[in-house]
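J.: Quick one: sequence plus predicted model below, questions after.
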Amino acid sequence: MTTRLLYLLYAVLATTVLIAFEGTGGEGDTIYHYLYAQYAPQHPELFFDHWAKPLYVLIACPFAQLGFIGVKILNVILVLSTLHLTHLTAKHWNLSPSWLTVLLLIFSPLYFILTFSGLTEPMFAFFLILATFLWLKKRWFWSLLIISFLPYVRSEGLFFIAIFGVTAITRGKWKLLPTLVFGSIIYGLAGIPIHHDFLWVFSKVPYAKMSSTYGQGTAFHFVEQLLYVIGIPFYILFWLGGVHWIWKALRGKIHIEQTFIIYGGVVVFILAHSVFWYWGIFNSMGLKRVLIAIIPYLSLIALFGYHFALQLWPRRRWIKTVFSSLAIAYIVVFPFTSNPASVDIPVDLECTPKQKIAQKIAATISKQHPNKRIVTADVYFCEIMEIDCFDTEEKVTLRQDLLDELTPNDIVIWENWFAVIEQGISNELLNQHPNLQLIDTHFKNGPDHPPIHFNIYTVK
């Protein structure tokens, strides 16, 4: 009964956000993933784009035809399914109350915020916990089949191909190991008409380079950022769950699936991203949102931690009652407290200040310069102006090598993030360009956001 009420609570909260807020869960990748899914029917090659993630594009495509709200609805469905499967997994291990995992997931700040985005993490989390649940129910073939397609939702699926492969070996399921390459075989064959290469699934990986445009950071970056993903009460229970595994290991009572899949999956995932960010390789950005991909596992470990805490007072029922009551209350209240790791309503759910300025710019351009080709590095303009960003007659990316190929039919929109960071184009460069004329500029700075700068140019 409690679990059903929590599902209903989440459905009500999600529906309210869908109706009341127009945010996109960010400004970059979230928009791009949506656009790939929306325009894939017009450009079939987008179904086989490694960056966009082929399986994500395939599943999100029909939802994206409804507009950006379509991919948000898809993510809500995926999250509801993830809540249920995580609850069933906890129930399989007789962890009571199994509904605590649902509570942790609903009130995990960043997970809730990024549900209303076009990002791939919620889909990855769903398929990961689905495969895990099927494995526990001895549906080994179907579990490994799903895992084989996981890299086509997010590249980290490769980690879990290895993890489930090791688990299969420990369980004596050697004959099922070829199932783990099934997804790559299917996509390799399906992509031949586009890439003319069966091995495109490996050769076209955009992250396979020993460098990063975004620099590098500290070794414990993701361990620290986890706090801002799941919040303080969840974070505390998670680390108690780690202590719980050590305690069981010392007593020789470890469980293979819990150890290899759940704990092993979390350790490998965080360790790999930490190494990538520390060494500045594989184009890592150090984004904390990637941790959403393993959030079902994090909640299960937190539930182990909850049980471990209760075991510290085996004969003190009143202490258990007080601890449980305080823990549950803190989980529910935390996202609404004044805290850097909590949900800031409406800031986190509404369009960003930069997007609001972009909306005004787009309205002006549509009115004063209709039917002009847009040249910009910020794909949000494609979303709000309903431009096919994969049609070079409607939009081209602002790049240095294209500056001398602009025509009088172009409107150039420069902004101080994607144009600078992604393309290396400064406003000074455009101001000095002999064929560009500055017609408008927007600048805004504030205590709650970095400087926002737009320049709009026509081509002479």
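T.: Noted; the coordinates are in hand.
J.: Spit out the contact partners of residue 69.
T.: residue 18 (Cβ atoms under 8 Å, 6 or more residues apart in numbering). In short, each C-beta sits where N, CA and C put it, glycine included.
J.: what kind of secondary structure is it in?
T.: Assigned by DSSP: H, G, I helix; E, B strand; the rest coil, the conformation of residue 69 is helix.
J.: do the same with the one 10 residues further on
T.: In the three-state summary, residue 79 is assigned as helix, counting by three-state DSSP.
J.: Do you know the pLDDT at it?
T.: Per-residue confidence (pLDDT) for residue 79: 98.
J.: what's the spacing between it and residue 216?
T.: 32 Å (Cβ to Cβ, to the nearest Å).
J.: Show me which of these two is the more surrounded one.
T.: residue 79 (24 against 16; other Cβ atoms under 10 Å).
J.: So residue 455 sits against residue 429, correct?
T.: No: look at residue 455 against residue 429 with Cβ atoms under 8 Å: they stay out of range, at 10.8 Å.
J.: Look at these two and report which has more neighbours.
T.: Higher neighbour count among residue 455 and residue 429: residue 455, with 20 against 15, using other Cβ under 10 Å.
J.: Dig out what the more buried one forms beta bridges with.
T.: Per DSSP bridges, residues listed as beta-bridge partners of residue 455: residue 414, residue 441.
J.: what's near enough to touch it?
T.: Shown in contact with residue 455 (Cβ under 8 Å, 6+ apart): 413-415, 427, 430-431, 438, 440-441.
J.: Kindly recompute the last result at 7 Å.
T.: Applying Cβ atoms under 7 Å, 6 or more residues apart in numbering to residue 455 gives the contacts 414, 427, 430, 438, 441.
J.: buried sites along stretch 335-345?
T.: Buried residues in stretch 335-345, defined by neighbour count with 16 or more other Cβ atoms under 10 Å: 335, 341-344.
J.: Could you dump those into a markdown table and include distance to residue 143 and pLDDT?
T.: Formatted as a markdown table, the buried residues of stretch 335-345 follow (distance: Cβ to Cβ, whole Å; pLDDT from 0 to 100):
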| residue | distance to residue 143 | pLDDT |
| --- | --- | --- |
| 335 | 32 | 92 |
| 341 | 33 | 88 |
| 342 | 36 | 89 |
| 343 | 34 | 90 |
| 344 | 38 | 88 |
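J.: quick one on the thing from earlier: filter the contacts of residue 455 to the buried ones?
T.: 414, 427, 430.
J.: picking up where we left off before, in strands, which of the buried residues of stretch 335-345 appear?
T.: Judged by DSSP state E, strands contain none of those.
J.: Please tabulate those in TSV, including the columns distance to residue 393.
T.: Output for the buried residues of stretch 335-345, formatted as TSV (distance: Cβ to Cβ, whole Å):
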residue	distance to residue 393
335	45
341	45
342	45
343	41
344	40
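J.: right, and out of these, which lies closest to residue 63?
T.: residue 343 (24.1 Å; Cβ to Cβ).
J.: what about that closest one, distance to residue 113?
T.: Per Cβ to Cβ, residue 343 is found 6 Å from residue 113.
J.: residue ranges with poor pLDDT in the stretch 1-150 of the chain?
T.: Applying pLDDT under 70 to the stretch 1-150 of the chain flags no residue at all.
J.: any idea where the helices of it begin and end?
T.: Ranges of helices in the stretch 1-150 of the chain, per DSSP state H, counting those that start in this stretch, are 2-20, 29-39, 54-64, 68-92, 99-106, 109-115, 121-136, 140-149.
J.: who does the second one touch, helix- and strand-wise?
T.: Other helices and strands packing on helix 29-39, by 3 or more Cβ pairs under 7 Å, 6 or more residues apart in numbering; DSSP states H and E, are helix 54-64, helix 68-92, helix 380-384.
J.: which residues touch stretch 310-322?
T.: Residues contacting stretch 310-322 (Cβ under 7 Å, 6+ apart): residue 323.
J.: can you do 8 Å?
T.: By Cβ under 8 Å, 6+ apart, the residues outside stretch 310-322 that reach it are 323-324.
J.: First-to-last residue distance for it?
T.: 10 Å (Cα to Cα, to the nearest Å).
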